[in-house]
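Student: Okay, predicted coordinates and the sequence, questions at the end:
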Amino acid sequence: MEEAIAKAGALIEAMGYIRSFRGKIVVVKLGGSVLDDIPLRKKLLTDIAFMSTVGMQPIIVHGGGKAITKAMAEAGLEPVWVQGRRYTDQRTLAIAEHTLVHTINTPICETLTELGCRPMGLHSLSSCVLFAEPLRLTSEDGRKLDLGLVGRVVDVNADLLKTLCADGTIPVIASVAKDRAGGKLNINADSAAGKVVAAAVAEKLVVVSDTHGILADLQDPDSTISTADEKQVKDMIKSGIIAGAMLPKVDACLTALDAGVKKAHIIDGRIQHSLLLEIYTDKGIGTQIIKE
């Protein structure tokens, strides 16, 4: 009886959030090892199916870095990294595109269909909603760095995304973009998610990965910062607390906030129902970043 009462209490707590988010677009970025763990990925997609069922309009953006690295190794290619970004030649791009579409995007759509949802894969081999230009970086001594076919998103087909969401379809976006000439560019999925939030005027961004969120002490996994505002986050970037793989996740959140989103979240997808706990309960899990 007590367990049943506790479940009822959780439903009542969720009711207010369900009401406030009904009809609102929420962008969920999936990445890290949560994409490689099939049972875990299905649990996360079940949470997203729940969101859709209660009236929220989710958009999924996914990467696939680890799967791409594995596919490259099987093809006898060694990744080359330039300032934390994968150098991408034509062969690497072909492997990345095939992996993102066939190994990740299609299975995600198949699972969502099994869960009673209507997904649509959006990528460079079908309807592409991400458009990019070549990314240019410079070294500390001012030298131009060659990243190959790596881009940064400059435009998003927001009309298509909004139409699909309004129709009850879940867009599932892979992180390969097209350029002005019709070519293809490898892009960072975190950065792409921030651009999608801005273009679709989403209510919220949730970055789901295999990280506990922002840590106050990089050596202490229990030092997760539950809430931080923009100024605190920028100070942590300057001091080096936020660095490495966390940096593009935080940058995506800052892009979302600049676009008018009130809160952006970074959560650990390895924790059961972390996505629902972050959105539908008073005490979420992970780090939420808010405006100052």
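Tutor: Looks like it arrived, so ask away.
Student: Assign a three-state SS to D217, would you?
Tutor: For D217, the assignment made with DSSP: H, G, I helix; E, B strand; the rest coil gives coil.
Student: which residue ranges form the helices in this structure?
Tutor: Applying DSSP state H to the chain gives helices spanning 2-21, 38-53, 65-74, 90-98, 106-114, 158-166, 189-200, 230-239, 246-258, 274-280.
Student: quick one, which of those helices is packed in tightest?
Tutor: helix 189-200 (a mean of 26; mean count of other C-beta atoms under 10 Å). C-beta coordinates here come from the backbone N, C-alpha and C atoms, glycine included.
Student: contacting residues around it?
Tutor: Defining contact as C-beta atoms under 8 Å, 6 or more residues apart in numbering, one finds that helix 189-200 is touched by 25, 27, 29, 31, 59, 61-64, 129-130, 152-153, 155-158, 161-162, 165, 173, 175, 177, 202, 205, 207, 248-249, 251-256, 258-259, 261, 264.
Student: So what angle separates the directions of it and helix 246-258?
Tutor: Compare the direction of helix 189-200 with that of helix 246-258 by axes from the mean of the first three to the mean of the last three C-alpha atoms, to 10 degrees and you get 10 degrees.
Student: what's the angle from helix 189-200 to helix 158-166?
Tutor: Using the same axes, to 10 degrees: helix 189-200 against helix 158-166 is 80 degrees.
Student: What mean pLDDT does helix 189-200 get?
Tutor: Averaging pLDDT along helix 189-200 gives 93.
Student: how far does it sit from the chain's center?
Tutor: 8 Å (C-alpha atoms, centre = their mean, to the nearest Å).
Student: just stretch 188-203 next, same as before
Tutor: Using C-alpha atoms, centre = their mean, the offset of stretch 188-203 from its chain centre is 8 Å.
Student: Now do the contacts for the residue most central in space within the chain.
Tutor: Centroid check for the chain by C-alpha atoms, centre = their mean gives K29 as the closest residue, at 1.6 Å. Neighbour list for K29: 60-63, 189-190, 193, 205-209, 252 [criterion: C-beta under 8 Å, 6+ apart].
Student: what's the answer for T69, then?
Tutor: Neighbour list for T69: P79 [criterion: C-beta under 8 Å, 6+ apart].
Student: again, 10 Å this time
Tutor: L77, E78, P79, R86, I95, A96, T99 (C-beta atoms under 10 Å, 6 or more residues apart in numbering).
Student: Please report the distance of it from L77.
Tutor: Using C-beta to C-beta, to the nearest Å, T69 is found at 9 Å from L77.
Student: hey, what's in contact with both of the two?
Tutor: I95.
Student: isn't Q90 right up against L185?
Tutor: No: assessed by C-beta atoms under 10 Å, Q90 is found out of contact with L185, at 11.6 Å.
Student: and for the two, which residues touch both?
Tutor: Here Q90 and L185 share the contacting residues G148, L149, scored by C-beta under 10 Å, 6+ apart.
Student: quick check, nearest of the contacts of T69 to K234?
Tutor: R86 (26.3 Å; C-beta to C-beta).
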